[in-house]
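Asks: predicted coordinates and the sequence they were generated for:
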2 protein chains.
Amino acid sequence: MTPTPIALGPTRTPLLEKAITAAGGEPAELDRARALIWNGGPAGFPDRLPAGIEWVQLFSAGVEEWFGTPVFDRHRDVVFTSAAGAFAHSVAEHTLMLLLAGVRQLPAHLAARGWRHKELAPRMGTLRGATVAVVGAGGIGRELIDMLAPLGARVIAVNRSGAPIDRPGVVETVPADRLSEIWSRVDHVVVAAPATRETRHLVGRAELARLKPTSWVINIARGSLVDTDALVEALRAGTIAGAGLDVTDPEPLPDGHPLWDLPNAMVTPHDSNPHQLRSVAFAEHVTDNVSRFVQGRELLARIDVAAGY
Amino acid sequence: MTPTPIALGPTRTPLLEKAITAAGGEPAELDRARALIWNGGPAGFPDRLPAGIEWVQLFSAGVEEWFGTPVFDRHRDVVFTSAAGAFAHSVAEHTLMLLLAGVRQLPAHLAARGWRHKELAPRMGTLRGATVAVVGAGGIGRELIDMLAPLGARVIAVNRSGAPIDRPGVVETVPADRLSEIWSRVDHVVVAAPATRETRHLVGRAELARLKPTSWVINIARGSLVDTDALVEALRAGTIAGAGLDVTDPEPLPDGHPLWDLPNAMVTPHDSNPHQLRSVAFAEHVTDNVSRFVQGRELLARIDVAAGY
């Protein structure tokens, strides 16, 4: 079979060339290629793609910054795919780390400069038997659910359709339009949904008020999904136990912001999926999608331009 | 079937009485019981048990303090069981938390008071594809192995016999007498072996020297298994990435000890299995073992007095 010509830009890396070749593709110039693997952002993206381009693979999992550009409108006949799913494992691992560190009070432990067993031990919790809401059961949510299963957590999964997610540890699947019902029933909340108009401030003052003083809120999706001011209030008042945030609003979180100093807030600077882990994961995703393209199968992580994600 | 009389001391709790009854036992006075569930330490243990006592269930998972007393010698016809395994889940969860928090550099993140992406992101690691030595594949080790599997870690399990541990994620089982071979091949080390003369300073200067600058050492077993002075040197020199310790030598770790101030040391004050989680887990273990006793089946966690654990 003749290798399928696939363009690669803006940076041709040996890792990605190998990923293309391994899948039955062949790195090619843009004007004779059938697809484009784009490992950069919107700046520098070609104004007009050649007519031969049927598919473009983008580098990021969340593509909202692309929706602020004319790229999708200008290329309505082209299929765009994101890297959603490709980075899921690393982000899920980070999420689990933040949730466990919260439940087991690692921030308070690290702040102690002595053997404070009597003070700290009674605060220690466990995920065993805990009810964890995983809001957004896409790639990250599903990987996380698999990581939570051996810990004995009971997962309430929230997805758009409410179609039951059949994975060990999931006790219930709730459709997004019934999200309001879950807050008083869960011990902890993980926000892993895409950023859309509908999900803005998905965790707000009212939602936080219904959680428990032992609840941890983890956001690894996008900062806009959580109302930062309401969260700061809840953290200060102790109406929830704490928060673990890899994403913030605003982002980057400015120096001097209260979240930096609250002892029950853990902030990581959107590095749950850092470059050194991402390159390898993206190359694996490219191999997978190029081989689907070559074989005429359905591509992973197709962007729904009308739906906005 | 007549319920089997089981004594309970020094403290009769409703939770344990229920655990005994649920298993086909009946709480009874010591002099007419066939077994004793002892939820205290060695102090206060009866000097001489009545001849009718066939089995004693102790409350802790590690029983070295009992070996310093004449209890076992005075009751050579009695079977003693520990709570080994009962608390495994909570300790395994804590272990996973420390390992993940280390690999993902949570201490450095919590110390930052600003958006230090450029400094922190390149230091971020992952357990995916990482080789983790689990030294001591008893109850805790096995629970941990199951928790590591969905994270994609490659586990080298170390047990006494070297008999292969057939669990997902275990790539190799090494017998304890070949432990010296593994140090240069692993990314991270979890110490989960019992404290015996043989395991004292199992992680010492020579072993630490063969680990990587990215390696984390986690000890949730007993402090004596790690050479504290050698560990402090390695942490100061950065020849390993860090350590997560729920147990220390000396214990409690005194105020002013260097481990409290090293930024790459996480110390939790032996609270991986705190009272509020332990009581429930012990009651489950009692139900399990009483029902085995009543049915004449093999008891869990039988203490091998000759072997010293």
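Replies: Looks like it came in fine. Numbers count the residues shown, from 1 in each chain, chains lettered A, B, ... in the order given.

Asks: would you map the strands across the stretch 151-300 of chain A?
Replies: A:154-159, A:170-175, A:188-191, A:216-219, A:242-245, A:265-267 (DSSP state E, counting those that start in this stretch).

Asks: thought A:Val155 was touching A:Val134, still the case?
Replies: Yes - under the criterion of C-beta atoms under 8 Å, A:Val134 makes contact with A:Val155 at 5.5 Å. (C-beta placed from N, C-alpha, C; glycine too.)

Asks: what's the overlap in contacts for the two?
Replies: A:145, A:148 (C-beta atoms under 8 Å, 6 or more residues apart in numbering or on different chains).

Asks: more neighbours: which of these two?
Replies: Using other C-beta atoms under 10 Å in any protein chain shown as the criterion, A:Val134 and A:Val155 rank with A:Val134 on top: 32 against 26.

Asks: just list whatever residues bridge to that one.
Replies: Note on A:Val134: beta-bridge partners A:Ala157, A:Val190, judged by DSSP bridges.

Asks: that one and A:Asn159, how far apart?
Replies: As judged by C-beta to C-beta, to the nearest Å, A:Val134 and A:Asn159 stand 9 Å apart.

Asks: equivalent analysis for A:Ala23, please.
Replies: Going from A:Ala23 to A:Asn159 by C-beta to C-beta gives 30 Å.

Asks: helices of chain A, start to end?
Replies: Taking DSSP state H to define them, one finds helices in chain A at A:14-22, A:64-67, A:71-74, A:88-103, A:106-111, A:117-120, A:139-148, A:205-209, A:228-237, A:258-261, A:275-294.

Asks: so which of those gets nearest B:Ala195?
Replies: helix A:117-120 (19.1 Å; C-beta to C-beta).

Asks: hmm, that closest one in reach of chain B?
Replies: Yes - judged by C-beta under 8 Å from any C-beta of the partner chain, helix A:117-120 and chain B are in contact via A:117, A:120.

Asks: run the chain-centre distance for that helix.
Replies: Taking C-alpha atoms, centre = their mean, to the nearest Å, one finds helix A:117-120 lying 35 Å from the centre of the chain it belongs to.

Asks: pLDDT on that helix, on average?
Replies: Regarding helix A:117-120, the rounded mean pLDDT is 97.

Asks: residues in contact with that helix: which ones?
Replies: Contacts of helix A:117-120 (C-beta under 8 Å, 6+ apart): A:105, A:108-109, A:112, B:252, B:268-271.

Asks: flag every buried residue along it.
Replies: A:Leu120 (16 or more other C-beta atoms under 10 Å in any protein chain shown).

Asks: is any part of stretch A:237-247 close to chain B?
Replies: No - with C-beta under 8 Å from any C-beta as the criterion, chain B is not reached by stretch A:237-247; the gap is at least 9.4 Å.

Asks: CA atoms only: put that stretch into PDB for me.
Replies: The C-alpha coordinates for stretch A:237-247 follow below in PDB (Å, rounded to 0.1, in the frame of the first residue of the first chain):
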ATOM      1  CA  ALA A 237     -15.000  29.700  56.100                       C
ATOM      2  CA  GLY A 238     -14.100  26.000  56.100                       C
ATOM      3  CA  THR A 239     -17.500  25.000  54.700                       C
ATOM      4  CA  ILE A 240     -15.500  22.700  52.500                       C
ATOM      5  CA  ALA A 241     -12.200  21.000  53.500                       C
ATOM      6  CA  GLY A 242     -10.200  22.300  50.600                       C
ATOM      7  CA  ALA A 243      -9.500  22.600  46.900                       C
ATOM      8  CA  GLY A 244      -6.900  21.200  44.400                       C
ATOM      9  CA  LEU A 245      -6.600  23.300  41.300                       C
ATOM     10  CA  ASP A 246      -4.400  22.800  38.300                       C
ATOM     11  CA  VAL A 247      -6.400  25.500  36.400                       C
END
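
Asks: quick one on the thing from earlier: so what sits against both of A:Val134 and A:Asn159?
Replies: Taking C-beta under 8 Å, 6+ apart as the contact rule, A:Val134 and A:Asn159 both touch A:Gly141.

Asks: just to revisit the earlier point, which of the helices of chain A sits most buried?
Replies: Ranked by mean neighbour count, the helices of chain A are led by helix A:88-103 with a mean of 27 (mean count of other C-beta atoms under 10 Å in any protein chain shown).

Asks: how much space between A:Leu36 and A:Gly125?
Replies: Distance of A:Leu36 to A:Gly125, given as C-beta to C-beta: 48 Å.

Asks: next one: A:Arg104
Replies: 7 Å.

Asks: compare neighbour counts for these two and give me the winner.
Replies: The residue with more neighbours, out of A:Arg104 and A:Gly125, is A:Arg104; 27 against 21, by other C-beta under 10 Å.

Asks: hang on, the more buried one packs against B:Glu93?
Replies: Yes - applying C-beta under 8 Å as the test, A:Arg104 and B:Glu93 come out as touching, 7.4 Å apart.

Asks: okay, and the common contacts of these two?
Replies: Common neighbours of A:Arg104 and B:Glu93, using C-beta under 8 Å, 6+ apart, are A:Thr126.

Asks: returning to what we had before: would you turn the strands of the stretch 151-300 of chain A into TSV with distance to B:Arg302 and mean pLDDT?
Replies: Below are these laid out as TSV (distance: least, C-beta to C-beta, whole Å; pLDDT from 0 to 100):
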stretch	distance to B:Arg302	mean pLDDT
strand A:154-159	33	97
strand A:170-175	36	97
strand A:188-191	38	98
strand A:216-219	39	98
strand A:242-245	41	98
strand A:265-267	42	98
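
Asks: now render the helices of chain A as JSON lines, adding distance to B:Thr228.
Replies: Formatted as JSON lines, the helices of chain A follow (distance: least, C-beta to C-beta, whole Å):
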{"stretch": "helix A:14-22", "distance to B:Thr228": "42"}
{"stretch": "helix A:64-67", "distance to B:Thr228": "50"}
{"stretch": "helix A:71-74", "distance to B:Thr228": "58"}
{"stretch": "helix A:88-103", "distance to B:Thr228": "24"}
{"stretch": "helix A:106-111", "distance to B:Thr228": "18"}
{"stretch": "helix A:117-120", "distance to B:Thr228": "18"}
{"stretch": "helix A:139-148", "distance to B:Thr228": "32"}
{"stretch": "helix A:205-209", "distance to B:Thr228": "42"}
{"stretch": "helix A:228-237", "distance to B:Thr228": "36"}
{"stretch": "helix A:258-261", "distance to B:Thr228": "32"}
{"stretch": "helix A:275-294", "distance to B:Thr228": "32"}
